[in-house]
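[1] kindly generate the corresponding structure for this input.
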Amino acid sequence: MNRDQARGTLLGLACGDALGRPVEFRSADRIAAEHGRLDEMVGHGTWNQPAGTITDDTDQALCIARSLVEQQAFDPADIADRFVAWYDSGPFDIGGMTRRSLRRLKRGDAWDEAGQQVWADSSEGQNAGNGSVMRCPPLAILYATDWDRLAAVSRQSSQITHADPRCTDGCAVLNLTIAGLLEEAETPLQDALDYVGSDAPDELVTALRPLARGDSPGTLETSGYVVHSLQTALYDGLGEDSAEEAIVTAVNRGGDTDTIGAIAGAVAGARFGASELPDRWLNAIGDTDELEMVAERLPEVA
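    The predicted structure is shown next:
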């Protein structure tokens with residue numbers, strides 16, 4: 001595995017997360033009116049966030065990565081415990097389904113029960129958020145060459161908080177795509193969709209198939225709905241000509257900017273490598289040293 005691309009996966013995730021944080025849930029027009037192109041802000045005197053600008057997207061990805069490195073394998077119960085400890089630390093931000101699932105875990109639910117119950121209690125429209133896809137890319141580094149295992153653990157990692165099949169299979173498709181990029185596949189998204197096959201929800205596959213063919217969707221939505229987030233982030237992450245342009249384009253679309261930026265950043269980072277991420281971004285983000293460390297160690301665990 002190309003170590004620069006492995007590092008790029010996690011650092012790209014953090015860059016997209018941090019770039020999106022100050023403008024989360026603003027429209028594209030408002031972002032343009034207030035800030036111009038967001039890439040012009042970072043490192044040039046107008047970036048008004050302190051070091052440590054990452055949100056729950058990167059925080060939870062780090063929980064997974066630390067567990068993989070320390071346990072030397074995927075251990076969902078350990079990851080669930082780390083999520084609860086992170087929740088107890090009073091994080092800057094946390095999604096609704098994640099919060100409800102972690103509360104159930106604190107009360108004693110098993111890792112594979114809490115998210116399932118929250119999903120069962122949630123109505124359509126509130127039951128398939130993007131809170132698990134944003135954090136799952138560390139698994140793609142560890143299991144890049146074992147797709148059976150990668151698909152299984154990706155779904156299980158989602159199930160801790162997001163049990164809807166659009167979320168569990170969304171994690172599988174994203175991680176298989178990143179694994180393909182890390183292994184220099186020519187058609188990573190198409191390969192991922194072919195791998196999950198007919199088991200994946202039609203709504204998810206229908207949204208992503210055009211991207212795999214190189215087609216542009218009629219519209220790209222930027223909501224927190226997992227299908228919207230994956231479609232938009234994969235479109236930018238796989239389609240732009242540089243990691244910087246992919247992340248900037250995704251965030252400047254507005255909406256759920258930190259999460260769509262994080263997903264696009266992980267994909268673009270896997271494509272282009274950490275060496276292609278702007279230094280001015282990396283210098284503005286906290287936790288880069290730990291992200292680098294775990295990204296280096298994950299291939300060694302494998």
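[2] tell me the SS of the residue nearest to Ala212 when sequence neighbours are not counted?
    Leaving aside its chain neighbours, Ala212 sits nearest to Gln190 (4.0 Å; criterion: CB to CB, 6 or more residues apart in numbering). Where you see a C-beta, it was placed from the backbone N, CA and C, and this is true even at glycine. When classified by DSSP: H, G, I helix; E, B strand; the rest coil, Gln190 comes out as helix.
[3] any idea how far the closest residue to Gly273 other than its chain neighbours is from Asp93?
    Leaving aside its sequence neighbours, Gly273 sits nearest to Asp4 (CB to CB, 6+ apart; 3.7 Å). Shown here: Asp4 relative to Asp93, a distance of 30 Å by CB to CB, to the nearest Å.
[4] then Ile141?
    Ile141 is 24 Å from Asp93, by CB to CB.
[5] more crowded one of those two?
    Taking other CB atoms under 10 Å, Ile141 and Asp93 do not tie; Ile141 has more neighbours (30 against 14).
[6] what's the weakest-modelled helix or strand in the chain?
    helix 28-35 (a mean of 81; mean pLDDT, DSSP states H and E).
[7] hmm, Trp111 is touching Pro76, no?
    Yes: with contact defined as CB atoms under 8 Å, Trp111 reaches Pro76; the gap is 4.7 Å.
[8] the more surrounded of those two?
    Trp111 (21 against 17).
[9] what sits closest to that one if chain neighbours are left out?
    Ala80 (4.0 Å).
[10] let me see the contact set for that neighbour.
    Leu105, Trp111, Ala114, Ile160 (CB atoms under 8 Å, 6 or more residues apart in numbering).
[11] what of Cys167?
    Ala128, Gly129, Asn130, Gly131, Ser132, Val133, Ser158, Val226.
[12] mind redoing it with 6 Å?
    Residues in contact with Cys167, defined by CB atoms under 6 Å, 6 or more residues apart in numbering, are Ala128, Ser132, Ser158, Val226.
[13] so which of the residues you listed is the closest to Tyr235?
    The shortest approach to Tyr235 among the contacts of Cys167 belongs to Val226, at 14.7 Å (CB to CB).
[14] ok, back up a step: and the pLDDT at the residue nearest to Ala212?
    pLDDT recorded at Gln190 is 98.
[15] and the residue most central in space within the chain, which of the three is it?
    Central residue of the chain (CA atoms, centre = their mean): Met134, 2.4 Å from the mean position. Classification of Met134 by three-state DSSP places it in helix.
[16] that one contacts Gly261, doesn't it?
    No: applying CB atoms under 6 Å, one finds Met134 not in contact with Gly261, separated by 9.5 Å.
[17] Thr161 touches Ser101, doesn't it?
    Yes: counting by CB under 6 Å, Thr161 touches Ser101, with 3.9 Å between them.
[18] neighbours of Glu113, just the number please.
    16.
[19] go ahead and name everything in contact with the helix or strand encompassing Ala120.
    Per DSSP states H and E: Ala120 is located in helix 111-121. With CB under 6 Å, 6+ apart as the test, helix 111-121 has contacts from 76-77, 80, 97, 100-101, 104-105, 127, 159-164.
[20] okay, who's weakest in those by pLDDT?
    Per-residue pLDDT puts Asn127 lowest of the contacts of helix 111-121, at 94.
[21] assign it to helix, strand or coil.
    Under three-state DSSP, Asn127 falls in the coil class.
[22] who's in contact with the closest residue in space to Phe272 that isn't next to it in sequence?
    Excluding the flanking residues, the one nearest Phe272 by CB to CB, 6+ apart is Ala243, at 4.2 Å. Going by CB under 6 Å, 6+ apart, Ala243 touches Gly12, Ala268, Gly269, Phe272, Glu276, Leu277.
[23] what segments of the protein are strands?
    Ranges of strands within the chain: none, based on DSSP state E.
[24] I'd say Arg155 and Pro165 touch.
    No: the pair Arg155 / Pro165 is not scored as a contact, 8.7 Å apart, by CB under 6 Å.
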